[in-house]
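Novice: Next comes the sequence, and after it the predicted model I'd like to discuss.
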Amino acid sequence: MAILHLTDDTFAGAIASGTVLVDFWADWCGPCKMLAPLIEELAEDFEGTVTVGKLDTDASGQTAAAFGISAIPTVIVFKNGVEATRIIGVHPKEDYAAALA
């Protein structure tokens, strides 16, 4: 499954409906790079039921600021446009899967 690369312009539309997992990250962030393969696994595991996206906080700072992202990686699960769960830092895959259940 393709992971959506979200921007300030595409973010609101992407999270508007269904369950959407968004990884807020930056290229210089070591823990973000550690989390990336796990995000790809989740995209495959939940294909067809969950949309998975990544938002570069450096390139799309407006959206990051709007959601109060002060530490990365931060993963937020949205359900029909509303924040349902927020996980800050790198956690075991099970934590993200539970947030999507």
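Specialist: Noted; the coordinates are in hand. Residues are numbered from 1 along each chain as shown.

Novice: contacts and neighbour counts: CA atoms only from here.
Specialist: Noted.

Novice: avg pLDDT for stretch 38-56?
Specialist: When pLDDT is averaged along stretch 38-56, the result is 96.

Novice: in it, what counts as buried?
Specialist: For stretch 38-56, a neighbour-count test (16 or more other C-alpha atoms under 10 Å) marks Leu38, Ile39, Leu42, Ala43, Val50, Thr51, Val52, Gly53, Lys54, Leu55, Asp56 as buried.

Novice: now do stretch 87-101
Specialist: Ile87, Val90, Tyr96, Leu100.

Novice: So which residues make contact with it?
Specialist: Residues from elsewhere that reach stretch 87-101, judged by C-alpha atoms under 8 Å, 6 or more residues apart in numbering: 19, 21, 31-32, 34-35, 38, 42, 50, 71-77, 85.

Novice: The same query, at a cut-off of 6 Å, please.
Specialist: Stretch 87-101 has contacts (C-alpha atoms under 6 Å, 6 or more residues apart in numbering) with Pro73, Thr74, Val75.

Novice: Just the ones of those residues in strands?
Specialist: Residues of the contacts of stretch 87-101 located in strands (DSSP state E): Thr74, Val75.

Novice: From the contacts of stretch 87-101, pick the one nearest Ile15.
Specialist: The shortest approach to Ile15 among those belongs to Val75, at 13.2 Å (C-alpha to C-alpha).
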